[in-house]
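Enquirer: Give me a model of this one.
(chains A, B and C)
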Amino acid sequence: MQLVNTNNIFAQYVEKEDIFNDKNTLSSSFIPQKLSHRDVELQQLSSMLAPVLRGYKPNNLFIYGTCGTGKTICAKFIINQLQEIVRKNGKNLRVVYINCKMKKVADTEYRLFAQLLKELGECVPDTGLPTDVLYRRFFEHVDNKATELILILDEIDTLVKKVGDDFLYNLTRSNQELKKSHITIVGITNDLSFRDNLDLRVKSSLSEEEILFKPYNAVQLKDILYERVQGGFKEGAVSDTVLSKCAALAAQEHGDARRALDLLRVAGEIAERSGEMLVAEKHIDMAQQKIDLDRVTETIRGQPSQSQAVLYAIIKLHDKPVSKGWVDKRLLTGDVFNMYANICKANNIKPLTQRRVSDLIGELDMLGVITAKVVSNGRYGRTRDIALAVKDDMLNRIRGILQERLGN
DNA sequence: AGTCCACAGGAAGGGCAGGCGA
DNA sequence: TCGCCTGCCCTTCCTGTGGACT
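Expert: Predicted coordinates for the structure are as follows:
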């Protein structure tokens, strides 16, 4: 007979030595005391916003740069600095940061202004009010407070793509109507061509100043990682070789510092779980696989059942043996739709129209799970050439998830 | 040059759930 | 309670597309 262990099951984790010092330091949202390799950009940013300290309205400003180039962190860093000096000098300044990509938060015109009002301390329902009422309340609130407002709209391209740029026009025009206040807009985007697609009226008033954030190179990434490791890990837990590898991998991904930090943090977690006190190169490889796998599987799990059925149809067609006489396997929208309809029938799901399925295929393409290229087959019509864009091990995991949900 | 195919994708609007204010 | 507003998901209708075929 086995004896019952009366020791607490968590005791081993309390007693176990920790590889991390402060894991928050390794988070991409952590704002360090000093930002390496962004001196020029920080200087530009501060000089552009500095007029606000003397009571003038700064020019509207646009920050461009690919993912993980430090746009957001620099903007937040500057906000902190600005607010610190404002607190000391008693200036009337408010800074509001909104991420326009946040689902259900600021992904529509209504939600953006509702969120703005909430940030300014007003109570707003999630739905139910006309948008112009929100506009009015927002401008009234700002004007009544007689304040300088700096509005930072991160991932602004996402919102503009979805709802158009009218809200930007209204915001930039607002300064003509406000009597006691000013609004300065700081737009952040990783879409370098974003400005070209704006309405002329918006373009001229919004992009008064611009800053471009260039990608970090491997050496710069290594410096950034080194600084974070000092606070994040116990001394000696991360070797120079490991840092170099992390930096090199992230540099390959367009100099993405966020990716570098994620790699290092996850590698540390893997090492810790396997009871090792040193992060090794093998942990970085494992971290890379884990991050990719988790990202894709979480995305798939979070999709509505109709999207899952469309993806399952694509996988089923992909798994089907190639017909005799065919050299390669090409999946077309029509084939996917037919297979999708069969899956719906088998699962008692009401099938969507081909028009809607076409949009879902486009969304899966955007997520990076498939590639769907529009091709013309001459008199055999114009369609999409669809292929899976995930590796075999990931495909097996996705297939498992979908089989669980939708059967065989 | 004209026709044809199999869609792509834009526009408009329906239906629904949920909130507000009279 | 009712009318009006919102976002969201979806359908219907329509025009456009581009290369093979006639």
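
Enquirer: The helix or strand where residue A:186 lies - contacts with which helices or strands?
Expert: Residue A:186 belongs to strand A:182-189 when assigned by DSSP states H and E. Packing partners of strand A:182-189 (3 or more Cβ pairs under 8 Å, 6 or more residues apart in numbering; DSSP states H and E): strand A:61-65, helix A:71-89, strand A:148-154, helix A:156-163, helix A:166-177. Every residue, glycine included, has its C-beta placed from N, CA and C.

Enquirer: Quick one: mean pLDDT for it?
Expert: Mean pLDDT, strand A:182-189: 90.

Enquirer: What residues sit buried inside the following helix or strand past that strand?
Expert: Downstream of strand A:182-189, the next assigned helix or strand under DSSP H and E is helix A:200-206. For helix A:200-206, the neighbour count (16 or more other Cβ atoms under 10 Å) marks A:202, A:205, A:206 as buried.

Enquirer: Contacts only, for the last one.
Expert: Residues counted as contacts of residue A:206 (Cβ atoms under 8 Å, 6 or more residues apart in numbering) are A:60, A:62, A:168, A:172, A:185, A:187, A:198.

Enquirer: how close does the residue lying closest to the fifth one once chain neighbours are set aside get to residue A:198?
Expert: Same thing as residue A:185. Nearest residue to residue A:185 in three dimensions, chain neighbours excluded: residue A:60, at 4.6 Å (Cβ to Cβ, 6 or more residues apart in numbering). Residue A:60 sits at a distance of 12 Å from residue A:198 (criterion: Cβ to Cβ, to the nearest Å).

Enquirer: And the buried residues of helix A:200-206, which is closest to DNA strand C?
Expert: When the buried residues of helix A:200-206 are compared for distance to DNA strand C (Cβ to the nearest atom of the strand), residue A:202 wins out at 18.8 Å.

Enquirer: Quick check: that closest one touching residue A:173?
Expert: No - in this structure, residue A:202 is not within contact of residue A:173 by Cβ atoms under 8 Å, at 9.6 Å.

Enquirer: Give me the sheet partners of whichever strand or helix holds residue A:95 and which way each runs.
Expert: Taking DSSP H and E as the criterion, residue A:95 maps to strand A:93-99. Under the criterion DSSP bridges, strand A:93-99 sits next to strand A:148-154 (parallel) in its sheet.

Enquirer: Can you report phi and psi for the residue lying closest to residue A:303 once chain neighbours are set aside?
Expert: Nearest residue to residue A:303, sequence neighbours excluded (Cβ to Cβ, 6+ apart): residue A:311, at 7.3 Å. Dihedral angles phi and psi of residue A:311 (degrees, to the nearest 10) take the values phi -60, psi -40.
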